[in-house]
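Student: just need the structure, nothing else, for what follows:
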Amino acid sequence: MFTPYVFSEEALLVECFPNSGSPFVSVTAPGFVGVTSAMNANGIAIGMDMVPEISTKPLAPGMGCLLTARKVIQYSQELSDAINTIKCIPRGVSWLYVIGDGGGNNIGGAVVEASPDLVRVRYTNYRYIGYFLPEKYFPRQIENKDDLVVVANHYIIPAMIFANGIYAIDDSLWRYETLTGLLLDKYGSIDVESGKGLVDYLHPPAYGYYGDDTSQPLGASRTLYDLSNLKLWSLYGNYNDPWVYYDLGSKLSGQ
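Tutor: Numbers count the residues shown, from 1 in each chain. As a prediction, the model looks like this:
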């Protein structure tokens, strides 16, 4: 969700061992206090997608998404901690936060749909309840597994659409449907290599989405997290750069 220009030239993995809260690793750029994508020592990871809507508060912007993600990743021990943090932080714009928990008491994942005045959560076992609503304005959830949740740049929970009066653009719907289809096709057999392919499903020249240039810069990163074992694989910089591997668990154990 971040421009490839400048960021791609400087992006790197940063490991943080703060004086308070949990150690974490982030794919970021030097000087960033906030994080674009990160995983902590408790097996919590977070990323975000923008969602366009009209109920913004330019005179009361609240905490930006990168700082919100930093607070979540530094101070959350459970999925519930992460969600409650987002609920309690003042917000001036809308964002979608995707969160996973591979080490806590409520292992799983969620998409937090957050506007300035409202927060709703789609957990992995969320079941869509708006089938009586016109599909033109209320996109359906199409992932039907109890341990799978997918996000693109639009709300799915009907209450969020009702409250904010927005609609999903065709591009966002296409990406959501395409990625969900790929995930369902691989469901039950996803390993590291196929997982990398899934998070990077728009890698040029796939679908012609970014054209044919495989050396072009990419926005932020494509990062695959193993939250049970505290490992990650990340592609950043240019599309033809090698993936970077990092084992936070071994780092913490001193291996």
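
Student: now do residue 20: how many residues are near it, please.
Tutor: Around residue 20 sit 6 other residues, with neighbours defined as other Cβ atoms under 10 Å. For glycine as for every other residue, the C-beta is placed from the backbone atoms N, C-alpha and C.

Student: any idea how far it is from residue 229?
Tutor: As judged by Cβ to Cβ, to the nearest Å, residue 20 and residue 229 stand 25 Å apart.

Student: give me the beta-bridge partners of residue 225?
Tutor: residue 232 (DSSP bridges).

Student: how about the contacts made by it?
Tutor: Residues in contact with residue 225 (Cβ atoms under 8 Å, 6 or more residues apart in numbering) are 39, 45, 100, 102, 231-232.

Student: next one: residue 220
Tutor: Applying Cβ under 8 Å, 6+ apart, the residues near residue 220 are 1-2, 7, 11, 27, 36-37, 236.

Student: so which bits of the one helix or strand residue 251 maps to are buried?
Tutor: Per DSSP states H and E: residue 251 is located in helix 248-253. Across helix 248-253, burial judged by 16 or more other Cβ atoms under 10 Å covers 248-249.

Student: wait, is residue 121 part of a strand?
Tutor: Yes - assessed by DSSP: H, G, I helix; E, B strand; the rest coil, residue 121 belongs to a strand.

Student: could you measure from it over to residue 52?
Tutor: Taking Cβ to Cβ, one finds residue 121 at 20 Å from residue 52.

Student: these two - which one has more neighbours?
Tutor: Each of residue 121 and residue 52 has its neighbours counted (other Cβ under 10 Å); residue 121 has more, 18 against 15.

Student: separation between that one and residue 92?
Tutor: Counting by Cβ to Cβ, the gap from residue 121 to residue 92 is 20 Å.

Student: where along the chain do the strands fall?
Tutor: Secondary structure of the chain (DSSP state E): strands at 12-16, 24-28, 37-40, 44-50, 95-101, 108-114, 119-123, 217-226, 231-238, 244-247.

Student: in the protein, where is pLDDT below threshold?
Tutor: For the chain, the stretches with pLDDT under 70 are 1, 255.

Student: report the central residue of the protein.
Tutor: Among the residues of the chain, the one closest to the centroid is residue 47, at 2.9 Å (Cα atoms, centre = their mean).

Student: residues in contact with that one?
Tutor: Neighbour list for residue 47: 36-37, 69, 97-98, 223 [criterion: Cβ under 8 Å, 6+ apart].
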